[in-house]
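>>> what's the 3D shape of this:
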Amino acid sequence: MGVDQAFEVTPDDSTLLADGADTTRVVLRVTDEFGNLMRYSTAAIGFNIDGPVEIVGDNPFSLVGGCGAIWIRAKHEPGTAILKAVHPVLGTKEVRIKIEAAEPERV
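Residues are numbered from 1 along each chain as shown. Have a look, this model is predicted:
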């Protein structure tokens, strides 16, 4: 009998400031039906991103011990960022992060 697996994509923050520096970590995990980490899962995860953010680091990258993380950084425009993480077997997961306008710098 096979083990049911789940692919989880979870950002630490749901909102960033559009200041060109604000970042958040996005954690990726492959778990079994009981929520246990599948430590032998080493799939290469690819990312598609839409909106005023950029990925910091490698795209794609391989999970280590069933998990991994990437960082995304807000650009200077407000809007909504859509990050799609693609697992070769378990499919695609999507997260949305709101990018709010930053207050102008005061000199």
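
>>> Now stretch 26-41: buried residues?
26, 28-31, 38, 41 (16 or more other Cβ atoms under 10 Å). (Each C-beta comes from the backbone N, C-alpha and C, glycine too.)

>>> any idea where the strands of the protein begin and end?
Per DSSP state E, the chain carries strands over the ranges 5-11, 15-18, 23-32, 44-50, 53-56, 61-62, 67-74, 79-87, 91-101.

>>> Let me have these in JSON lines, extended by mean pLDDT.
Below are the strands of the chain laid out as JSON lines (pLDDT from 0 to 100):
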{"stretch": "strand 5-11", "mean pLDDT": "92"}
{"stretch": "strand 15-18", "mean pLDDT": "96"}
{"stretch": "strand 23-32", "mean pLDDT": "95"}
{"stretch": "strand 44-50", "mean pLDDT": "95"}
{"stretch": "strand 53-56", "mean pLDDT": "95"}
{"stretch": "strand 61-62", "mean pLDDT": "92"}
{"stretch": "strand 67-74", "mean pLDDT": "96"}
{"stretch": "strand 79-87", "mean pLDDT": "96"}
{"stretch": "strand 91-101", "mean pLDDT": "95"}
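
>>> Out of those, which one sits most buried?
strand 67-74 (a mean of 19; mean count of other Cβ atoms under 10 Å).

>>> Direction-wise, compare it with strand 23-32 and give the angle.
150 degrees (axes from the mean of the first three to the mean of the last three Cα atoms, to 10 degrees).

>>> Strand 91-101 and strand 67-74, what's the angle between them?
Using the same axes, to 10 degrees, strand 67-74 lies at 30 degrees relative to strand 91-101.
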